[in-house]
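K.L.:
build me a model from this:
(3 chains)
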Amino acid sequence: MKIRLDNSMLFSLDATLCCGQTFRWEKRSEWWYGIVRDTVFKIRQKKNELEFENTSPSFVNSYFGLNDDLQKIYREICKDNYIKQAIKMSKGLRILHQDPWECLVSYICATYKNIAAIRQMLHELSHRFGEKIRFEGVDFYAFPTSEKLGKTSVTELTQCGLGYRAEYLYSTARTIYIDNFDLKLLRKESYEKAKLELLEFPGVGAKVADCVLLFSLGKLEAFPVDVWIKRVILKYYSEHFPKEFVMRAFCRKSLSKAEYERLNCFGREYFGEYAGYAQEYLYHYERTKQ
DNA sequence: CAAGTGCCTTTATC
DNA sequence: AGATAAAGGCACT
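P.N.:
Just a heads-up that it's a prediction; the model follows:
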């Protein structure tokens, strides 16, 4: 099946899947293969056309955020020359609407890891605990459910290379499974309320919560601050902070809670209701330029 | 090639 | 409140 993208509907499949917001997509020749919930599907882009198999146009529209008005978002977040450059570099990058459970697990695992390592952990988790799905003669693995992960053991999770994250994931999975907690319901809550609820889960701090809110719960105002974004703000937006604050934050390896709050609030106030989009463009730009 | 550094941080403990 | 340490292990240089 195909979707035509008219000129106003800026979209780059590659930028969207490569920018680091999602970890399990695989590119084989020109097709991208993905597993969302219990379905494997593939998709490719040819200029102004999206072609896909084994899924529906409405799912593609929703999952890839094709309903977001990118032109409007660019107008809103384009506050200065630096973000302008970042946007120019990754035109058509969109925030995905990921599955909240998979997203939550992904970012609990992501703390203090690089992207290659995160991919490996999630692959291992899926391979061991996810349902096998055959597609085009190849074995894929669905993302394991909270029930499945809540019923394993910390030891088995540790064997997936999770390290100290195994305990957090185990408790979170158990809570969600036993309480029958529906993460999707957080979509209806405000950003602040949904964030407070996410912070209750072990292994979820402000940064992880903001990622889940942005990448799976439709909170486009969320502005996750990781080490890259921290550097971007301190380097290119330092005039918005006292010199002393910038110096101190630069020297420290990790952010204190107060420092996180300060950078996070700056992002949301400065870039506005689509701050999350600004974050993703800045993040991707900082990591790929040069 | 070995060894060091860094990684989309959170939590526990002062 | 605010600082500090500890917690896998992989990837990159």
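K.L.:
get me the contact residues on chain A for DNA strand C.
P.N.:
Chain A comes close to DNA strand C at residues A:111-114, A:116-117, A:120, A:161, A:163-164, A:252, A:254, A:256, A:258, as judged by Cβ under 7 Å from any atom of the strand. From N, CA and C alone the C-beta is placed, and that goes for glycine too.
K.L.:
sort out which of those are buried, if you could.
P.N.:
Among the residues of chain A next to DNA strand C, those buried by neighbour count (16 or more other Cβ atoms under 10 Å) are A:111, A:113, A:120, A:161.
K.L.:
DNA strand B next: which of the residues you listed are close?
P.N.:
Contacts with DNA strand B are made by A:111, A:113 out of those, judged by Cβ under 7 Å from any atom of the strand.
K.L.:
spatially, which two of the buried ones among the residues of chain A next to DNA strand C are the most separated?
P.N.:
A:111 and A:120 (14.8 Å; Cβ to Cβ).
K.L.:
can you name the residue of chain A nearest to DNA strand C?
P.N.:
Chain A approaches DNA strand C most closely through residue A:163 (2.4 Å), counting by Cβ to the nearest atom of the strand.
K.L.:
ranges for the helices of the stretch 51-200 of chain A?
P.N.:
A:57-63, A:70-77, A:81-89, A:100-110, A:115-129, A:146-150, A:154-157, A:165-178, A:191-198 (DSSP state H, counting those that start in this stretch).
K.L.:
pipe those into CSV and attach mean pLDDT per row.
P.N.:
Conversion of the helices of the stretch 51-200 of chain A to CSV gives the following (pLDDT from 0 to 100):
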stretch, mean pLDDT
helix A:57-63, 97
helix A:70-77, 97
helix A:81-89, 95
helix A:100-110, 95
helix A:115-129, 92
helix A:146-150, 95
helix A:154-157, 91
helix A:165-178, 94
helix A:191-198, 95
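K.L.:
tell me which of these sits most buried.
P.N.:
helix A:100-110 (a mean of 25; mean count of other Cβ atoms under 10 Å).
K.L.:
for it, packing partners?
P.N.:
Applying 3 or more Cβ pairs under 8 Å, 6 or more residues apart in numbering; DSSP states H and E, one finds that helix A:100-110 makes contact with helix A:115-129, helix A:165-178, helix A:206-216.
K.L.:
using PDB, write out every CA atom in the second one.
P.N.:
Same thing as helix A:165-178. What follows is helix A:165-178, C-alpha atoms only, in PDB (Å, rounded to 0.1, in the frame of the first residue of the first chain):
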ATOM      1  CA  ARG A 165      18.700  -1.600  35.500                       C
ATOM      2  CA  ALA A 166      17.400  -5.100  35.900                       C
ATOM      3  CA  GLU A 167      15.900  -4.400  39.400                       C
ATOM      4  CA  TYR A 168      14.200  -1.300  38.100                       C
ATOM      5  CA  LEU A 169      12.700  -3.000  35.100                       C
ATOM      6  CA  TYR A 170      11.500  -5.900  37.100                       C
ATOM      7  CA  SER A 171       9.700  -3.800  39.700                       C
ATOM      8  CA  THR A 172       8.200  -1.600  37.100                       C
ATOM      9  CA  ALA A 173       7.000  -4.500  35.000                       C
ATOM     10  CA  ARG A 174       5.500  -6.200  38.100                       C
ATOM     11  CA  THR A 175       3.700  -3.100  39.200                       C
ATOM     12  CA  ILE A 176       2.200  -2.500  35.800                       C
ATOM     13  CA  TYR A 177       1.200  -6.100  35.300                       C
ATOM     14  CA  ILE A 178      -0.200  -6.700  38.800                       C
END
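K.L.:
quick check: angle from that helix to helix A:115-129?
P.N.:
Put simply, helix A:165-178 runs at 50 degrees to helix A:115-129, going by axes from the mean of the first three to the mean of the last three Cα atoms, to 10 degrees.
K.L.:
chain center to helix A:165-178, what's the gap?
P.N.:
20 Å (Cα atoms, centre = their mean, to the nearest Å).
K.L.:
ok, now the last one?
P.N.:
The chain centre lies 7 Å from the centre of helix A:206-216; the measure is Cα atoms, centre = their mean.
K.L.:
ditto for the first one
P.N.:
Relative to its parent chain, helix A:115-129 has a centroid offset of 15 Å by Cα atoms, centre = their mean.
K.L.:
now the angle from that helix to helix A:100-110?
P.N.:
Using the same axes, to 10 degrees: helix A:115-129 against helix A:100-110 is 130 degrees.
K.L.:
the bottom helix or strand of chain A by mean pLDDT?
P.N.:
helix A:243-251 (a mean of 88; mean pLDDT, DSSP states H and E).
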